[in-house]
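A.B. asks: need a 3D model of the sequence below.
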Amino acid sequence: MLSEIVRCVQHAMEETEYCGIKWSLAGVMLPLFNLSCSDSNKIELITFGTIPLLLKLIEEEASLSSEPFELALRTLANFTFNEEAKAEMMERGALGILNHIIERLQTEAADIPARKVAKDLAFMLS
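C.D. replies: Got it, this is the predicted structure:
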């Protein structure tokens, strides 16, 4: 089941159909975030390639104030409580990606909730 949710996220990011449905990113990110709260789910989600998928999402997302963007950051933050996940994020350059995002968020005039999440995530990784 978890692998199917990860596939739905991937297809939503690519804006392609999966199982005859065109999934919305906003619709699949909340369940993924909720599932990432469980320690046993974290291990499974890591195995299915969730970390590179989420790093790609936060790196490429044009709208820094979007709900999927914030949920991707929060999901990655949940993963920092697993040492394997934390190591994989570091290997994949998560700190550099986050620092770039934080810089972009500083230029936004509005108080975007993702700003605090990105800063907290960078702190948890360092």
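A.B. asks: how many neighbours does I51 have?
C.D. replies: 21 (other Cβ atoms under 10 Å). Using the backbone N, CA and C atoms, a C-beta is placed for each residue, glycine as well.
A.B. asks: that one touches N78, doesn't it?
C.D. replies: No - contact criterion Cβ atoms under 8 Å: I51 and N78 do not qualify, at 11.2 Å.
A.B. asks: in this protein, which spans are strands?
C.D. replies: Listed in chain order, the strands of the chain (DSSP state E) span 17-18, 21-22.
A.B. asks: of all the ones you listed, which one comes closest to L45?
C.D. replies: Comparison of the strands of the chain against L45 by Cβ to Cβ identifies strand 17-18 as nearest, at 17.3 Å.
A.B. asks: neighbouring strands of the closest one in the sheet, and parallel or not?
C.D. replies: Paired neighbours of strand 17-18 in the sheet (DSSP bridges): strand 21-22 (antiparallel).
A.B. asks: what's next to the strand it pairs with, contact-wise?
C.D. replies: Residues from elsewhere that reach strand 21-22 (Cβ atoms under 8 Å, 6 or more residues apart in numbering): 11, 15-16.
A.B. asks: try 10 Å
C.D. replies: 8, 11-12, 15-16, 27 (Cβ atoms under 10 Å, 6 or more residues apart in numbering).
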